[in-house]
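**Q** here is the input, now give the coordinates:
(2 chains)
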Protein chains: 2
Amino acid sequence: MLKNLADALAIKAYITTERCRKALIVGAGFIAMEMAEALRNIGLDTKIVHRGSLPASRWDPEFSKLIAEELERNQAPFLKNVKALAVENGRESRLRLITDQGEMEADLILLALGVRPNVKCASDMGIVIGDTGAIKVDAAQATSMEGVYAVGDCCEAFHRVSRRWVNMPLGDVANKQGRVAGRNIGGAPSAFRGIVGSQSFKVFGLEVAATGLDEKAAAESGYRPATALVWGNAVAASMPAAKKLGIKLVADRATGKLLGAQAVGEAGAVSRINTLAAVLWSEMGLDDVAFLDLAYSPPFGGSWDLIHIAAQVLTKQL
Amino acid sequence: MLKNLADALAIKAYITTERCRKALIVGAGFIAMEMAEALRNIGLDTKIVHRGSLPASRWDPEFSKLIAEELERNQAPFLKNVKALAVENGRESRLRLITDQGEMEADLILLALGVRPNVKCASDMGIVIGDTGAIKVDAAQATSMEGVYAVGDCCEAFHRVSRRWVNMPLGDVANKQGRVAGRNIGGAPSAFRGIVGSQSFKVFGLEVAATGLDEKAAAESGYRPATALVWGNAVAASMPAAKKLGIKLVADRATGKLLGAQAVGEAGAVSRINTLAAVLWSEMGLDDVAFLDLAYSPPFGGSWDLIHIAAQVLTKQL
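**A** Numbers count the residues shown, from 1 in each chain, chains lettered A, B, ... in the order given. Model prediction:
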């Protein structure tokens, strides 16, 4: 179980004391990716086993393919379409993973299969649980029971783009909600202004980031999404160290507003997504994004940044 | 004269053919900084001579001091409070710079003293020139004379924060205005949505960026500015390669809106300023900035990014 610092230290200690040499990671979300890098960095033979065909399903297949290639390049093979069935004692290694594609042995098997909010305590108390399975809260982070507040992975958050209450368990959101709840408990009124679904991770030499909705989530929220995916450079193309960067934008045909963005590259992906997170927060239209006044300098981007180019390409499709 | 690529190539050729070994740069704006790095990188003994006490006057003295230190660290000494008076033929080197603090010899002397818009052609034609000395244009980039458009360093641009027409000669703004003028000339209506004054440069190992107004410009535009300057890390403090980063925010006491931002650091400065440029563009309040949903991951920032911390510190001063 890897939920907190103590779990991480226990895994690390186990690897050392048991002299682990081979690891298997089941799942291919961002925790699986981060663990793959961490285990490779301390020299473990590491493989990723996933029932799907690509890692990081939030991202466009074109980007996920790049992530799979990055795993391969760093000797952390991505084994697709493999369904894990059971874990048994191994023969050559300590453990054996039984899958629908055969068996694999390893000294360490990590299950990174996502999380579900732990709401037992709240539901036992009779506190209302939302449709997402997480605790229902209001803008003050108050639950349905007077004097009881909830923050973090166990509760819902208002998604400003989908206009729905969602459960998106991320550390920075938990921190913000904690601050809001703390202020309200302490008598200083405060409201949590919601999220736009921003997220990032690093896997070896790749930055991976996203914000807002993908086209599927956008359609489910009642928008009429159009998308564009463009490739370019994180810095001006004339610079010696030009790094490949891809950006995908999703916008609404009805309003022309940006609904979401994804970026993957050796550099500059998180930076673009943070800028676009501010764009989503303020419900900016694509016309504005295409002419946004960014801090241009060749070492940091082109005079037309990839953000501008992607917005211009997408504008033509609306 | 260094105005375009041909000038740059001419200077480069001159350095080679004349076997230049010593350079002096007069002025300390971003062009002076970029040239200092370029000349040091090809091995020239380079000094910067400035009539003021700190370089990069747009930035807070605390940041400008860091820039001066970065110049010193890279053997490009910053000579403050030196007024250049004349350039004469040298004895040991080709040229001699006469200053109020004595004489200095060099093979190459660059005057990087800022630019003024060249509007002679336009004013000869009777086209209206604005109070800034640059050509007056409207949202379509049209001048006062029918059928004549102006874009780039020679014309004004609407500053969305100061709500004034300004002349801020930067390459990316010129590109955007060119696109707008081109569309209008070609019969596809287009309006330039203005600037928020974003700008960045690299000097050796430092990223330097700013957007919006500093407190002086804010006060001159009728705002009642409050400021906060905070130091932190470009990535989570727990990361091995934590890089020092400073952010300064300016906000309006009357409306609580962000008016400007500056950032300087080994990494992450431009990224923050671009996010804050989107904030300025959409006239976001500081309360929102303090809880903006950024794409958190330890390699790219803290769970509270320095943007959040700076906004929270400044909120207390409003």
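**Q** and A:Arg21, what is it in contact with?
**A** A:44-45, A:93, A:107 (C-beta atoms under 8 Å, 6 or more residues apart in numbering or on different chains). Every residue, glycine included, has its C-beta placed from N, CA and C.
**Q** apply 10 Å and report the result again.
**A** Contacts for A:Arg21 were tallied using C-beta atoms under 10 Å, 6 or more residues apart in numbering or on different chains; they are A:15, A:43-45, A:93, A:106-108.
**Q** cool, A:Ala251 as well?
**A** A:Ala251 makes contact with A:212, A:215, A:218, A:223-228, A:257-261, A:285-286, A:289, A:311, A:314-315, A:317-318 under the criterion C-beta under 10 Å, 6+ apart.
**Q** can you turn the buried part of the residues you listed into a PyMOL selection?
**A** Burial among these is assessed by 16 or more other C-beta atoms under 10 Å in any protein chain shown; the matching PyMOL selection reads:
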select buried, chain A and resi 212+215+218+223+225+226+227+228+257+258+259+260+261+285+286+289+311+314+315+318
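**Q** which of the contacts of A:Ala251 fall within helices?
**A** Members of the contacts of A:Ala251 lying in helices (criterion: DSSP state H): A:215, A:218, A:286, A:289, A:311, A:314-315.
**Q** and stretch A:176-185, what's its mean pLDDT?
**A** For stretch A:176-185, mean pLDDT is 98.
**Q** for stretch A:57-64, same thing?
**A** Per-region confidence: stretch A:57-64 scores 97 on mean pLDDT.
**Q** how near is the closest residue to A:Tyr223 other than its chain neighbours to B:Leu292?
**A** What sits nearest to A:Tyr223 in space, not counting adjacent residues and going by C-beta to C-beta, 6 or more residues apart in numbering or on different chains, is A:Asp252, at 4.5 Å. Using C-beta to C-beta, to the nearest Å, A:Asp252 is found at 21 Å from B:Leu292.
**Q** between these two, tell me which one has more neighbours.
**A** Using other C-beta atoms under 10 Å in any protein chain shown as the criterion, A:Asp252 and B:Leu292 rank with B:Leu292 on top: 25 against 22.
**Q** next up, the contacts around that one.
**A** When contacts are taken as C-beta under 10 Å, 6+ apart, B:Leu292 is in contact with A:176, A:193, A:195-196, A:198, A:274, A:277-278, A:281-282, B:275-276, B:278-279, B:284, B:305, B:307-308, B:311.
**Q** per-residue pLDDT, it?
**A** 98.
**Q** which residues touch the nearest residue to A:Ala242 once chain neighbours are set aside?
**A** Counting by C-beta to C-beta, 6+ apart, the nearest residue to A:Ala242 once its immediate chain neighbours are dropped is A:Asn233, at 4.4 Å. Residues counted as contacts of A:Asn233 (C-beta under 10 Å, 6+ apart) are A:239, A:241-245, A:265-268, A:301-302, A:305-306.
**Q** out of those residues, which end up buried?
**A** Applying 16+ other C-beta under 10 Å to these, the neighbour count classes A:242-243, A:245, A:265-268, A:301-302, A:305-306 as buried.
**Q** let me see the contact set for whatever residue of the stretch 151-300 of chain A ends up closest to chain B.
**A** Taking C-beta to the nearest C-beta as the measure, the stretch 151-300 of chain A has A:Ser282 as its residue closest to chain B, at 3.3 Å. By C-beta under 10 Å, 6+ apart, A:Ser282 lies in contact with A:160, A:196, A:258, A:288, B:278-279, B:281-284, B:288, B:292.
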